[in-house]
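Engineer: Fold the following.
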Amino acid sequence: MRAYRFRIYPSKKQEELLNKHLWLAKELWNELLEHCKQTYEDFGYFPTKNTLQLMVKNYGLYSQTQQETAHRVYNAVINVFKMRKKGVKRGFPRFKSFDRMKSLNYPQSGFWLEKKLKITPFGELTIKKHREVKGRIKTLTLKREASGKWFAIFCVETPKEIPKENKGEAVGIDLGLKTFATLSDGEVINNPRHFKRYEERLALVQRELSKKKKRSTNRKRAKIRVAKLYEKVADCRRDFLHKISTELVNDYSIIVLEKLASQEMSEENYGKQINDAGWNMFANMLAYKAEGAGCSVVFVNPKNTSKMCSRCRNVRNDLTLQDRTYACPECGLSTDRDLNAARNILTRATPGQGGSNACNSLLERDAAEAASMKQEAHILYGWEHVTKPTP
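Structural biologist: Residues are numbered from 1 along each chain as shown. So this is what the prediction gives:
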């Protein structure tokens, strides 16, 4: 399955109708959610999916869009208790304002894509198809961004293709903040710090927004200016990550990363910088691009990758974030801290492979260590077929 995202340009009348349908979808969501809460208070259980589907008939939306909204409400309510049983904290679904209702879903029919996009009941909408859709279109989502732009997102079932043959080498990647990424072969990718470039301008437009009178036309305009600037930052970040990830999957056959809990890390320290770097987005891009490029992506345990010597496996517990050079007191290795970590990351997934710097006397121990970590690592695309150590 692939997702294609295209910009659409509705006319003024079409945009008014789209916004009207968003408002109806918002009202429908709130009405169904209120019914769920009231039913639970009165009878001690939630209504079934079929009950919610019967409530949405003749509401003013396209029939399948109405049903999809009912399904979303039901799944949102039920998933709360499923996640709580697993020990995951999850809040109850909230009532939506118009700004929080952003999409209309067409799960099966009601749309046709040719030179223009024809949608029931909006008619033909101008669409910018910057690439051809390969495969069978399954669903359509019309999404309105905070900046006021509209997008059509197609979920497409693509035909199976024979993966390309990739004869590149294996590489370990250490993600960071001072530099975005350091590769085990010595290459360094600088951190562009997109948010920092626009930070002063963002502060200015947000101060202007805070001074506007609530519910006024000027406040709505100022709000759109803020949203457009945030969208600019997000677009720059996405463009950078797409270019880097495409280059890596084409150049290397095995890419090894740490399995980082970036959300938990951002809640403790350096949250703004971690979110700006986009580590999770980068890892997801590598994972889905690797299949078509004939590449394998491996996630390994990040424990002590920065504190362990890539030559003799000695662990230094006295290192701090300010120490940018790794100096091993046992074997005398002195190298960049991030480069040392990238080599350790590669070693954990591919013991004995070129670039790991693992000594022959430690090869057997490395293999045992990698086998124990295999249960914990998030492994994609059958990497076990390529991690057999070479003699």
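Engineer: what does the domain assignment say about the chain?
Structural biologist: Domain assignment for the chain by automatic domain parsing gives 2-157, 169-191+238-385.
Engineer: Now do the same for the longest one: mean pLDDT, whole number.
Structural biologist: Okay, so that is domain 169-191+238-385. Average pLDDT, domain 169-191+238-385: 78.
Engineer: Is it correct that Ser310 is in contact with Arg348?
Structural biologist: No - Ser310 sits out of contact with Arg348 when judged by CB atoms under 8 Å, with a separation of 10.7 Å. (Glycine included, C-beta is placed from N, CA and C.)
Engineer: Let me see the mean pLDDT of stretch 129-144.
Structural biologist: 94.
Engineer: buried sites along that stretch?
Structural biologist: Thr139, Leu140, Thr141, Leu142, Arg144 (16 or more other CB atoms under 10 Å).
Engineer: Direction included, what does the host helix or strand of the fourth one pair against?
Structural biologist: The secondary structure element spanning Leu142 is strand 136-144 (assigned by DSSP states H and E). Taking DSSP bridges as the criterion, strand 136-144 forms sheet pairs with strand 103-106 (antiparallel), strand 150-157 (antiparallel).
Engineer: most tightly surrounded among the ones you listed?
Structural biologist: strand 103-106 (a mean of 19; mean count of other CB atoms under 10 Å).
Engineer: and Ala227, which of the domains of the chain is closest to it?
Structural biologist: Ala227 lies closest to domain 2-157 among those, at 3.8 Å (CB to CB).
Engineer: Just the endpoints, please. Distance across the closest one?
Structural biologist: Length of domain 2-157, first residue to last, CA to CA, to the nearest Å: 6 Å.
Engineer: picking that back up, using TSV, lay out the strands paired with strand 136-144 together with mean pLDDT.
Structural biologist: Listed next are the strands paired with strand 136-144 as TSV, based on pLDDT from 0 to 100:
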stretch	mean pLDDT
strand 103-106	96
strand 150-157	96
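Engineer: Format the CA atom coordinates belonging to the strand holding Leu142 as PDB.
Structural biologist: Provided in PDB are the C-alpha atoms of strand 136-144 (Å, rounded to 0.1, in the frame of the first residue of the first chain):
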ATOM      1  CA  ARG A 136      -5.400   0.600  -7.800                       C
ATOM      2  CA  ILE A 137      -6.800   3.500  -5.800                       C
ATOM      3  CA  LYS A 138      -8.600   2.200  -2.700                       C
ATOM      4  CA  THR A 139      -9.500   5.200  -0.600                       C
ATOM      5  CA  LEU A 140      -9.500   9.000  -0.700                       C
ATOM      6  CA  THR A 141      -9.100  11.500   2.100                       C
ATOM      7  CA  LEU A 142      -9.700  15.200   1.500                       C
ATOM      8  CA  LYS A 143      -7.600  17.100   4.100                       C
ATOM      9  CA  ARG A 144      -7.600  20.800   4.900                       C
END
